[in-house]
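Q: how does the following fold in three dimensions:
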Amino acid sequence: MMLVTAGCHPSKPMLGLSGYGAADDPRAVEIGRAVIENGGSAADAAVSMALTMAVTLPSRVGLGGGGLCLVHDPATRAVRTLDFLPESTTGGAPMPGLLRGLYTLHAAYGHRRWEEALGAPESLAGLGTPVSRQLAADLRAGADRLAHDRGAQRLFLSTNNRPLAEGETLVQTELGATLGLVRQRGIAAFYGASFGASESSLAETLARGLGVDQGGLAGVRARWGETVQVENDHDVIHFPDKSGSGLAAAWQAGLAAGDGDWLGAMMGALRANAGSVGAAVPTAALAVVDPQEQGVACVFTMGGLFGNGRVVPELGVLAGGGGGASGVGGPVLMVNHHQETTLFAAGGAATGAEPSDRAAAGALLSALHNSAVDHRPLGGMVTETSAMAPSAALGVVEAVACLYDHQHGGKSCGAVTDARGLGGVFTVLK
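A: Residues are numbered from 1 along each chain as shown. Next comes the predicted model:
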């Protein structure tokens, strides 16, 4: 397996007046583009894209899962980690963190109304959306486990338990209604407030369906943290505070290899730091940089392909799996803090039903090396090296990568996605 990326890289510097984005789902990319075109921030776009993927790529992103983001805010000159990965309770069932995390991101850095981010996903869920190539592949891989749950079977499988194919329509009526309630009444309806005269609240139904304590559900919070930082000439590379130490060590190992087998050195360090990097789980990623230089990079997970394979039937919410807090590929941001410009924003995604360990992290670091060390546009090909274990393979990466002209003060950027046709990119010229 190989990492293949393709994208655009303008030859003339652009003076920070353009917006760029990439994600693992093409419909989410369309939504993100519209947000930036209409004056939204990178955080606004990231929230809308993630909520869209919760509908269009439920195998990897969902209300029952969570994620991890890095945010660069040029106004405060800060880069922070936002951790809303699904954490398992004492009984083993993970708490859903996605909505709490996205709401927290929006509250801190969003410009548009929260309700606007939910409108398009609500419609896509209720009216139906075509199955993408990535979702079709995930459905084929996860069909057996989905067939064991009646709710999942009804949503994702056709007659004779055949998984929905690419281009067929996926309708998630109950999920659309749940998103509609969250849009109308806020996330308190999801985590702890009752709605109307229903016999039980949304949160009660969710807690019962997920098998978690309702008090614990009401207490779910996203956590802001610092970053692990590594200097790179005039710039600073930021890794998440939890898994960042292992990623930073692998990055330094690649630099120490010089012009030699830097990728093999990185993969070897990832193996040595497996405890901090974690075992891989299927993930999805996005990256956005807006015209004001705000940068957001996120990785999302359900803790397993389609979570644990069970749907809360009244709500259309897939329950998260037990591996939700491990193996996410990054994300990473590279920032020039003299100019407060975002030069690299990316998340790595581990692919397949049982992705290779370190696949997402390897994809992320190889793309970062190509941009930050080799100073060349992303769009080439990186293959396995002899230093990699036979079962190890690179995942894919979604990234915005820029080259900065220190002499004239401009930068040229491009968004890149997996060239196998699974994701998409956008560029908005202001």
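Q: and the strand or helix carrying residue 331, how far out from the chain middle?
A: Counting by DSSP states H and E, the secondary-structure element that holds residue 331 is strand 329-336. Going by C-alpha atoms, centre = their mean, to the nearest Å, the spacing between the C-alpha centre of strand 329-336 and its chain's C-alpha centre is 13 Å.
Q: pairing partners for that strand, with directions?
A: Here strand 329-336 is paired, per DSSP bridges, with strand 235-240 (antiparallel), strand 341-349 (antiparallel).
Q: helices of this protein, start to end?
A: For the chain, applying DSSP state H gives helices covering 26-37, 42-56, 98-109, 114-127, 133-146, 150-156, 173-185, 188-191, 202-210, 214-218, 244-256, 262-272, 274-277, 359-372.
Q: between the ones you listed, which gets nearest to residue 315?
A: Residue 315 lies closest, by C-beta to C-beta, to one member of the helices of the chain: helix 173-185, at 4.7 Å. (Each C-beta comes from the backbone N, C-alpha and C, glycine too.)
Q: circling back to that earlier point, hey, least reliable of the helices of the chain by pLDDT?
A: The minimum mean pLDDT among the helices of the chain belongs to helix 274-277 (a mean of 57).
Q: quick one on the thing from earlier: give me the angle between the strand holding residue 331 and helix 244-256.
A: Our comparison of strand 329-336 with helix 244-256, counting by axes from the mean of the first three to the mean of the last three C-alpha atoms, to 10 degrees, yields an angle of 70 degrees.
Q: re earlier: so which of the strands paired with strand 329-336 gets nearest residue 159?
A: Distances from residue 159 to each of the strands paired with strand 329-336 were compared using C-beta to C-beta; the minimum, 31.2 Å, belongs to strand 341-349.
Q: any idea of the angle that closest one forms with helix 42-56?
A: 20 degrees.
Q: got the CA positions of stretch 174-186 in PDB?
A: These are the backbone C-alpha positions of stretch 174-186, laid out as PDB (Å, rounded to 0.1, in the frame of the first residue of the first chain):
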ATOM      1  CA  GLU A 174     -34.000   9.300  12.700                       C
ATOM      2  CA  LEU A 175     -30.500  10.800  12.600                       C
ATOM      3  CA  GLY A 176     -31.900  13.800  10.700                       C
ATOM      4  CA  ALA A 177     -34.600  14.200  13.400                       C
ATOM      5  CA  THR A 178     -31.900  14.100  16.100                       C
ATOM      6  CA  LEU A 179     -29.800  16.700  14.300                       C
ATOM      7  CA  GLY A 180     -33.000  18.800  14.000                       C
ATOM      8  CA  LEU A 181     -33.600  18.700  17.700                       C
ATOM      9  CA  VAL A 182     -30.000  19.600  18.400                       C
ATOM     10  CA  ARG A 183     -30.300  22.500  15.900                       C
ATOM     11  CA  GLN A 184     -33.500  23.700  17.600                       C
ATOM     12  CA  ARG A 185     -32.700  23.200  21.200                       C
ATOM     13  CA  GLY A 186     -28.900  23.100  21.400                       C
END
